[in-house]
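**Q** Pasting the sequence and the predicted model now:
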Amino acid sequence: MAARVVGRTGRLAAVVRSSAVRLQSRLHGSTGLRSGSQANFFPPLEDAMLPSGSFNNRMALITGGGTGLGRAMTATLSQLGAQCIIASRKLDVLQRTAEEISSQTGNKVHAVQCDVRDPQAVSQCVDQIEALTGLPDVIINNAAGNFVCPSERLSPNAWKTITDIVLNGTAFVTLELGKRLIQNQKGASFLAITTIYAESGSGFVVPSASAKAGVEALYKSLAAEWGRYGHRFNIIQPGPIRTKGAFSRLDPTGAFEKAMIDRIPTGRLGTPAEIANLAAYVSSNYASWMSGAVIRFDGGEYVSLAGEFNELRSVTPDQWKLLEAMIRKTKGS
Ligand SMILES: CC/C=C\C/C=C\C=C\C(=O)SCCNC(=O)CCNC(=O)[C@H](O)C(C)(C)COP(=O)(O)OP(=O)(O)OC[C@H]1O[C@@H](n2cnc3c(N)ncnc32)[C@H](O)[C@@H]1OP(=O)(O)O
Ligand SMILES: NC(=O)C1=CN([C@@H]2O[C@H](COP(=O)(O)OP(=O)(O)OC[C@H]3O[C@@H](n4cnc5c(N)ncnc54)[C@H](OP(=O)(O)O)[C@@H]3O)[C@@H](O)[C@H]2O)C=CC1
């Protein structure tokens with residue numbers, strides 16, 4: 001009798017395992033099955049969400065605003081009436097983006113060259129901003145550097161490069177602007193763009209994970225300390241959103257993208273316009289009671305990766321009947 005039960009259990013386990021493997025391989029195959037079906041429930045909306053004019057007479061600084069997600073945030077804020085300043089290392093890229101967005105929205109976008117790793121350059125950049133627009137009402141710390149690399153291959157300078165851009169760069173920009181805003185008794189909204197693995201840590205992007213975790217500690221700390229000066233500090237943790245900057249350094253072959261989509265419950269990547277809408281809301285006066293918030297914006301990827309039993313998604317209804325019967329048959333421990 002015991003042998004029969006054990007035999008049957010073993011066969012069932014094998015059936016469940018092989019069916020899960022089949023399903024997994026279908027999901028990871030080129031058809032992109034889950035992104036083709038589940039994603040239909042969650043279509044991305046691309047229009048600006050807030051009422052037009054929500055940022056009239058407001059100045060916004062977006063670091064790394066020339067490309068990718070920073071560019072999308074700049075476009076949305078500009079469309080909503082803000083005068084934007086975008087700052088990063090490549091002036092030609094910034095100028096091109098500034099002209100394109102200005103010509104579409106009719107609102108001025110200024111391009112200012114700045115390497116956020118250099119505190120002197122940051123101070124000069126803020127001088128320039130003060131001369132151009134006055135101190136900003138909205139600051140989005142979006143600039144970052146990253147690449148996948150086994151930690152044993154990282155040189156000291158590789159570590160320093162990423163942590164300097166992400167943690168020190170964010171700190172230099174935030175402290176320089178914060179001090180001047182405090183001196184001028186002007187309130188402001190500060191937003192930092194981190195990542196879902198700032199919370200969990202992640203192998204193969206260890207300098208980025210460490211620095212982004214530091215940025216989160218910085219912003220949560222200042223939310224508590226500088227509310228008295230009229231400053232709000234919030235954090236958005238995006239999940240994967242296709243940009244050239246991120247995907248060329250984190251998924252250079254394109255092989256990883258399918259696996260990411262397969263584990264995201266909403267069945268697709270995010271879009272730059274979606275994060276731009278969230279950033280606009282957090283930076284707007286509609287969110288004036290929001291400070292110290294950490295907003296995960298990832299289509300459900302984080303919880304999908306974390307849950308011990310989430311792989312059971314691949315068990316079929318027939319297999320569940322068998323599993324349930326086995327569980328119900330169990331008496332005692
Ligand atoms: C698929 C997406 C899913 C999820 C995404 C989740 C999170 C995403 C987070 C992000 O931050 S994505 C944004 C990514 N964007 C960027 O990185 C844009 C800016 N990046 C750069 O400019 C470069 O990539 C940079 C970060 C390397 C900085 O450029 P810089 O010119 O200042 O540095 P160097 O080229 O001189 O390199 C410095 C140092 O690092 C070593 N190094 C560079 N690349 C690698 C590598 N791929 N692997 C290992 N080491 C690398 C380089 O050799 C230098 O060290 P040494 O001097 O040689 O010791
Ligand atoms: N795309 C994604 O899937 C995800 C992105 N993120 C975060 O979103 C943000 C935007 O990333 P994304 O748009 O994808 O990638 P991009 O590579 O397009 O953006 C990074 C920006 O940072 C700027 N930058 C890099 N180094 C410096 C520096 N030393 N000084 C000033 N600016 C610098 C770059 O401009 P330049 O080269 O001109 O200096 C670039 O515009 C980052 O904070 C990233 O960590 C988080 C999770 C997921």
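**A** Nice, I can see it. Just so we're clear, the structure is a prediction, and the values are computed from it rather than from any experiment. Numbers count the residues shown, from 1 in each chain. Ligands and ions are numbered 1, 2, ... in the order given.
**Q** ok, now how distant is A48 from S189?
**A** Distance check for A48 against S189: by Cβ to Cβ, to the nearest Å, it reads 17 Å. To be clear about C-beta, it is placed using only N, CA and C from the backbone, and glycine gets the same treatment.
**Q** Then M260?
**A** 30 Å.
**Q** The two: which is more packed in?
**A** S189 (24 against 18; other Cβ atoms under 10 Å).
**Q** Show me the contact partners of stretch 237-256.
**A** 67-69, 146-148, 193-196, 198-199, 205, 257, 260, 264, 269-272, 274-275, 294-299, 301-302 (Cβ atoms under 8 Å, 6 or more residues apart in numbering).
**Q** Can you tell me which of those are buried?
**A** 67-69, 146-147, 193-196, 198-199, 205, 257, 260, 264, 269-272, 274-275, 295-299, 301-302 (16 or more other Cβ atoms under 10 Å).
**Q** In strands only, show me those residues.
**A** 193, 295-297 (DSSP state E).
**Q** Adding distance to A246 and pLDDT, write those out as TSV.
**A** Below are those laid out as TSV (distance: Cβ to Cβ, whole Å; pLDDT from 0 to 100):
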residue	distance to A246	pLDDT
I193	11	99
I295	19	99
R296	17	98
F297	15	98
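**Q** between those, which is closest to ligand 1?
**A** Ligand 1 lies nearest to I193 out of those, by Cβ to the nearest ligand atom, at 8.5 Å.
**Q** For that closest one, give me its contacts.
**A** 69, 140-142, 144, 235-236, 238, 275, 279.
**Q** What parts of this protein come near ligand 1?
**A** 144-147, 149, 153, 155, 157-158, 161-162, 195, 208, 240, 245-247, 249-251 (Cβ under 6 Å from any ligand atom).
**Q** Which residue ranges of the stretch 51-200 of the chain form helices?
**A** Using DSSP state H, counting those that start in this stretch, the helices assigned to the stretch 51-200 of the chain run over residues 68-79, 91-105, 119-132, 156-163, 169-183, 197-200.
**Q** Out of those helices, indicate the one that is most buried.
**A** Each of the helices of the stretch 51-200 of the chain was scored by mean neighbour count; the highest is helix 68-79, a mean of 26, by mean count of other Cβ atoms under 10 Å.
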